[in-house]
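Q: could you work out the structure for the sequence below:
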Amino acid sequence: MRVLAMMTGLLMASPALAHDMVPGAPQSQPILLQNALVHTVSVGSLEDTDILIENGLITAVGSDLQADGAQVIDLTGKQVYPGLIALNTFLGLTEISMVRATVDTAEVGKLNPEVKASVAFNPDSELIPTVRSNGITHVQVVPQGRGLTGQSTLVNLDSWTIVDGEVDTPAAIHLHWPTVWRWSSDEKRRKKQQEQLDADIQTIHSAFEDAYRYHLAAKADKVTSSDIRWQAMLPLFSGEAKLFAHADNQGDIEQILDIARRYNIKPVIVGGYDAWRMPEMLSEAGASVIYPHVFSFPRRSDEPIDLPFRIPAMLEQADIPFAFGFRADWDARNLPFAAGQSISYGLNKQDALKAVTLDAARIMGANKMGSIAPGYKASLIISSGDIFNPMEANIEAMYIDGRQVDLNNRHRQLYQKYLKR
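A: Okay, the predicted model is just below:
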């Protein structure tokens with residue numbers, strides 16, 4: 001009874017977990033940032049450079065800019081980066097992982113392409129301010145599970161509701177490829193595992209075939225019975241949606257590419273641990289990669305311990321389009337440090353920055369994001385140091401679509417509290 005009472009009290013108190021930081025007000029006057037080291041991504045890094053922001057957009061980048069009635073901010077000695085984009089997260093879908101009532105990451109069943117993660121996203125999550133304090137302005141919120149798990153959404157991390165926060169991108173349908181995480185040493189159990197795996201893979205093939213036939217019937221205006229699952233997949237076959245396929249092993253990726261080739265789909269491989277081994281196949285399929293394993297252990301006992309650190313550089317050398325991901329909720333805040341780790345293991349610094357900004361936006365199909373250039377959205381972060389170095393990053397300010405974001409969070413509040421003890 002005591003345990004039940006404790007759980008009941010925790011669930012009743014859960015609304016109090018919502019953070020109390022108020023979203024920034026819409027931009028009301030021009031903002032002129034002066035004399036900063038500006039990391040544009042598109043044209044490199046520019047010293048002593050100004051940025052003019054009007055109506056949520058960057059309107060000019062250069063020297064000695066002027067604007068009537070502008071709020072002028074001198075950033076001498078500071079650095080300006082595009083806001084970082086964290087892909088492959090479930091931020092906003094979970095609050096306390098050990099409390100089931102606060103976890104809404106997956107739907108029941110293996111065929112749910114119509115499910116949208118945006119429906120469950122909580123913009124008041126206490127985790128959000130701690131994530132954005134490391135420079136992350138946008139995240140891809142991904143439904144978890146096995147099989148066709150649903151559709152992700154790209155959101156900014158300073159909004160009142162999902163309607164305010166959602167970024168306009170093509171539909172993103174997620175396929176988590178069936179796999180066996182640990183094979184049994186018992187022959188009978190191993191045989192059952194193989195049978196289940198074969199059945200799950202066949203379910204995926206059947207789903208795509210049924211959806212494609214539904215697509216052909218819809219084109220011919222001959223759909224006799226509506227099915228919301230296949231209806232949700234129609235944009236995939238017309239090229240208006242993206243397929244995000246989660247897989248790491250080369251054999252699994254090859255099967256995904258076979259499906260993509262059969263239905264004329266350009267996939268995004270999420271995971272892609274073995275992607276560096278197959279650049280020609282990925283290039284032929286027009287595929288890109290979201291790589292989330294920088295801080296993982298090697299997947300095979302005979303691989304070098306630092307291989308996960310080096311794979312981003314190997315993807316870049318193999319000319320495979322990629323971006324960094326971070327399969328996590330609160331831990332997504334470590335995205336810039338994961339990119340920094342890859343820099344230490346061979347990835348060019350400009351390429352690393354591009355992989356958490358412009359390339360991430362391109363993979364999502366988000367227009368005018370991820371670069372500091374005229375016409376792009378004014379989502380920026382200002383730091384006193386290198387954002388890839390956790391010892392000196394020090395994010396001092398953030399703007400999302402020209403709105404200044406409150407960077408206060410629970411960590412800083414607790415630090416101040418116990419500092420006064």
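Q: can you give me the helices for this protein?
A: Assigned helices in the chain, in chain order: 2-13, 127-132, 162-165, 187-219, 228-237, 250-262, 279-285, 307-317, 335-344, 349-355, 358-364, 410-419 (criterion: DSSP state H).
Q: for the longest one, name the packing helices and strands.
A: Packing contacts for helix 187-219, counted by 3 or more Cβ pairs under 8 Å, 6 or more residues apart in numbering; DSSP states H and E, involve strand 147-156, helix 228-237, helix 250-262. (Glycine included, C-beta is placed from N, CA and C.)
Q: and the longest one, average pLDDT?
A: Pointing back at helix 250-262 there. For helix 250-262, mean pLDDT rounds to 97.
Q: what comes up buried for that helix?
A: Within helix 250-262, the residues that count as buried by 16 or more other Cβ atoms under 10 Å are Q250, D252, I253, Q255, I256, L257, I259, A260.
Q: let me know which of the helices and strands packed on helix 187-219 is the nearest to S118.
A: strand 147-156 (4.2 Å; Cβ to Cβ).
Q: who's in contact with L407?
A: P129, R132, S133, I395, E396, A397, M398 (Cβ atoms under 8 Å, 6 or more residues apart in numbering).
Q: picking that back up, and of the helices of the chain, who's closest to Q404?
A: helix 127-132 (12.2 Å).
Q: and the nearest residue to Y399 once chain neighbours are set aside, how far from G370?
A: Distances taken as Cβ to Cβ, 6 or more residues apart in numbering place L380 nearest to Y399, at 4.8 Å, with adjacent residues excluded. L380 sits 11 Å away from G370, going by Cβ to Cβ, to the nearest Å.
Q: quickly list what's touching both of the two.
A: With Cβ under 8 Å, 6+ apart as the test, L380 and G370 both reach P82.
Q: on that earlier part again, how many neighbours does the residue nearest to Y399 have?
A: Residues lying near L380 (other Cβ atoms under 10 Å) number 26.
Q: quick one on the thing from earlier: so which of the contacts of L407 wins on neighbours?
A: Ranked by neighbour count (other Cβ under 10 Å), the contacts of L407 have R132 at the top, with 30 neighbours.
Q: correct me, but it touches M398?
A: Yes: under the criterion of Cβ atoms under 8 Å, R132 makes contact with M398 at 6.5 Å.
Q: so who does the residue nearest to Y399 touch?
A: Taking Cβ under 8 Å, 6+ apart, one finds L33, I51, I53, V80, Y81, P82, G83, I372, M398, Y399 in contact with L380.
Q: so the nearest residue to the first one once chain neighbours are set aside versus R100, what's the distance?
A: Nearest residue to L33 in three dimensions, chain neighbours excluded: I51, at 4.4 Å (Cβ to Cβ, 6+ apart). Taken as Cβ to Cβ, the spacing of I51 relative to R100 amounts to 45 Å.
Q: which one of the two has more residues nearby?
A: Per other Cβ under 10 Å, whichever of I51 and R100 has more neighbours is I51, with 27 against 11.
Q: understood, closing this out.
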